[in-house]
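A.B. asks: make a model of this:
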Amino acid sequence: MELNKYYGEDGLVIDPVLGFTSSSKDISDLIREMNDNGLLVSVIDMSGDVIRVPVKGTGQARPDKPNSGERSGWYSFFQTGTYQSCTYSNWRENITYKWVNTDVNKLSSTEQNQLKAQIQEAQERANDEKIKSQNQVAEDCYKRFRNAEEISEHKYLTYKKIKSYGLKGIKDSLVVPLYNSNIAVKPEIRSLQYITPKSKKSTEDFIKRFVSASEVSGSVFHIGFDWEQFGQLEKLIICEGYATGVSIYEATQLPVLVVFSANFGMKALLNIRKFCNAQLILAYDNDKTGIGLKKAEEIHQAIPNCVVRIPSEQGDYNDLHQKYGLDRVRAELIESKFNIKQYSIKKIVGDPPEVKFLVDKFIPLGVPGILASIGGVGKSYSMIQLAVAIATGGKWWGKEIKEQGSSVIFCAEDSQDEIHRRIAMLDPEGKRFDYHNEIFIYPVPEQLEPLILLREEGITNQAQELVEELKTISNLKMVCFDPLQAFTTANISQSNEAGQMWSSYTSQISAKLNATCITCHHLNKSSLSNDSDNVLSHRQEVLGASSIVNGARWCINLWLSDEQTCTQICLDKGIPFNRMSVVKAGVVKSNSGDVDYSVQTLFRKNAVLEPIENASGGINWD
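C.D. replies: Numbers count the residues shown, from 1 in each chain. Below is the predicted model of the structure:
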């Protein structure tokens with residue numbers, strides 16, 4: 001890490017070479033700062049040479065050993081006229097600092113260029129010194145590993161259910177050698193990784209550390225082949241850690257290269273690609289941060305003949321090995337990215353499972369669908385009303401709730417205040433405070449940035465992060481996006497590709513969370529003239545590309561009642577005639593089994609839709 005920004009009182013130096021951590025006044029301030037940053041310095045050599053010095057221990061690295069000759073710090077001091085500058089570094093922490101005794105913004109352009117040249121010269125010479133230092137550390141690592149004992153058993157190997165492939169032991173530590181990756185001939189040891197139990201009794205907790213001030217980035221460990229064979233390899237699997245590498249090798253019998261961190265892989269593989277034309281299979285970790293996938297994709301874009309094979313579940317391929325066995329590891333890495341063979345119909349035995357419904361014979365559980373209507377009919381109220389019914393049980397639009405649980409509604413058109421008013425109308429007695437399950441209504445307009453889940457080029461990072469957060473909600477049964485067009489910048493009205501991508505995304509949510517994912521959407525203008533009770537005649541009225549409905553597993557439409565029925569019900573209820581007061585609802589598409597395709601007649605009371613058993617019989621409030 002290099003600290004490279006300096007904010008002065010009169011401006012900002014944006015040239016990273018002229019970025020300073022501080023601008024102290026005299027040499028004593030510099031010495032104090034250098035000591036605070038881990039270097040052991042008492043006087044400053046002003047020759048301009050690179051001066052090697054010992055370092056103290058920090059929370060990140062050990063100190064240089066006394067009387068050992070170790071010098072893991074360096075500095076280079078310059079004086080030009082009245083201003084002084086110093087560049088210094090602690091190689092054990094890989095941090096570089098810059099110091100100057102004046103405000104760099106106030107230097108003339110000539111002085112700034114002179115200072116810049118001095119810093120660049122110091123850093124170039126320091127890099128040469130760093131290589132010398134790493135060579136010295138590498139020589140020490142070689143001697144340590146050569147003198148270490150051969151090992152076949154260790155607590156870590158037992159815990160990970162793996163064998164030793166060329167490892168050794170030093171005291172309680174399992175030792176993995178790291179080799180340089182930039183030569184085609186036999187490589188040299190550049191560092192060592194120590195894997196040590198946290199305590200003598202520990203069987204599951206281990207500490208991993210590399211030799212301080214050694215060359216780790218770009219270094220590798222190979223399993224299942226000799227280094228001289230690199231030029232003849234057809235496939236090479238790349239992973240982050242030793243245990244993962246062994247599981248992969250034993251599952252596939254293919255050569256494996258360990259790069260020790262997703263962040264180090266690019267450097268190592270650029271070196272390897274100079275003398276190896278093998279297909280690179282990037283088997284990085286599926287970690288919570290997503291860094292494994294991110295770095296694998298960067299390599300895939302930068303280096304030819306690469307494929308990405310991230311584990312299907314969170315963790316690494318050793319985790320997959322321990323949970324499911326080596327056959328699963330092989331299947332995901334080699335047999336197919338899609339693992340087609342596991343879907344043989346010969347494996348389908350016994351009675352088929354029954355279709356589960358969230359709302360009895362109306363809305364299936366765990367599949368995506370659409371609720372569509374013209375504006376102002378009451379979709380948003382109905383979704384909150386459904387969430388309440390799912391949380392408490394009972395009925396929705398007169399139909400029984402079959403699965404109780406929590407719900408999340410992403411509301412893109414209403415503020416928190418409007419949501420508050422709707423909740424007050426739906427739950428005036430505050431019964432929500434007694435619910436065992438939760439209802440979350442996320443007001444998108446209140447957020448600092450829009451919630452864009454789909455763009456023309458595909459599903460966004462926001463969308464994937466959203467799925468991960470939804471996984472944390474206990475007993476989730478429903479997720480609702482209201483309305484669709486607010487969550488996408490793609491041309492959802494005309495692009496079938498956009499409609500297909502949205503359907504894939506909502507299917508992903510339902511599949512991963514076993515929750516019903518509902519998309520609220522609009523009907524086109526032709527629906528205003530169609531008051532038929534033939535539900536199939538309303539299917540084509542869903543606004544936009546046909547792929548929106550085709551990709552959904554079910555679709556429910558709300559449309560205005562015919563004028564005669566509306567007039568009769570308004571008279572019966574003693575309210576002025578209003579076409580928006582009476583609407584009808586029905587399933588216009590369903591891929592589920594025993595679905596009720598009958599038409600529901602709904603009457604609006606205080607903006608809330610409730611079913612009417614018949615046109616004149618009044619509202620059933622039970």
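
A.B. asks: for C239, give me its contacts.
C.D. replies: Applying C-beta atoms under 8 Å, 6 or more residues apart in numbering to C239 gives the contacts 245, 248, 256-259, 283-284, 316-317. No exception for glycine: its C-beta is placed from N, CA and C like everyone else's.

A.B. asks: for it, what are phi and psi?
C.D. replies: phi -140, psi 180 (degrees, to the nearest 10).

A.B. asks: run through the bridge partners of it.
C.D. replies: V258 (DSSP bridges).

A.B. asks: can you tell me the SS state at Q134?
C.D. replies: helix (DSSP: H, G, I helix; E, B strand; the rest coil).

A.B. asks: neighbours of it, just the number please.
C.D. replies: Using other C-beta atoms under 10 Å, Q134 has 19 other residues around it.

A.B. asks: right, and it touches S217 too?
C.D. replies: No. Contact criterion C-beta atoms under 8 Å: Q134 and S217 do not qualify, at 10.6 Å.

A.B. asks: next step: the contacts of C239 restricted to helices.
C.D. replies: 245, 248, 317 (DSSP state H).

A.B. asks: among these, which one sits closest to K347?
C.D. replies: Nearest to K347 among these: Y317, at 23.6 Å, using C-beta to C-beta.

A.B. asks: pLDDT value on the residue nearest the centre of the chain, please?
C.D. replies: Closest residue to the average C-alpha location of the chain: G290 at 3.9 Å, with C-alpha atoms, centre = their mean. With respect to pLDDT, G290 scores 89.

A.B. asks: measure it to D128 for me?
C.D. replies: To D128, G290 is 37 Å away according to C-beta to C-beta, to the nearest Å.

A.B. asks: same question for L602.
C.D. replies: 80 Å.

A.B. asks: coming back round to it: what subset of the contacts of C239 is buried?
C.D. replies: 245, 248, 256-259, 283-284, 316-317 (16 or more other C-beta atoms under 10 Å).

A.B. asks: okay, these in a markdown table with pLDDT and distance to W99 next?
C.D. replies: Output for the buried ones among the contacts of C239, formatted as a markdown table (pLDDT from 0 to 100; distance: C-beta to C-beta, whole Å):
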| residue | pLDDT | distance to W99 |
| --- | --- | --- |
| G245 | 97 | 43 |
| I248 | 97 | 47 |
| V256 | 97 | 45 |
| L257 | 97 | 41 |
| V258 | 97 | 39 |
| V259 | 96 | 35 |
| A283 | 96 | 44 |
| Y284 | 96 | 39 |
| D316 | 96 | 42 |
| Y317 | 97 | 46 |
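
A.B. asks: contacts only, for Q322.
C.D. replies: 160-161.

A.B. asks: can you confirm it is in a strand?
C.D. replies: No. Assigned with three-state DSSP, Q322 falls outside any strand and is helix.

A.B. asks: F206 touches K198, doesn't it?
C.D. replies: Yes. Using C-beta under 8 Å as the test, F206 is close enough to K198 to be in contact (6.6 Å).

A.B. asks: those two: which is more packed in?
C.D. replies: Neighbour totals were compared for F206 and K198, and F206 leads with 18 against 10 (other C-beta under 10 Å).
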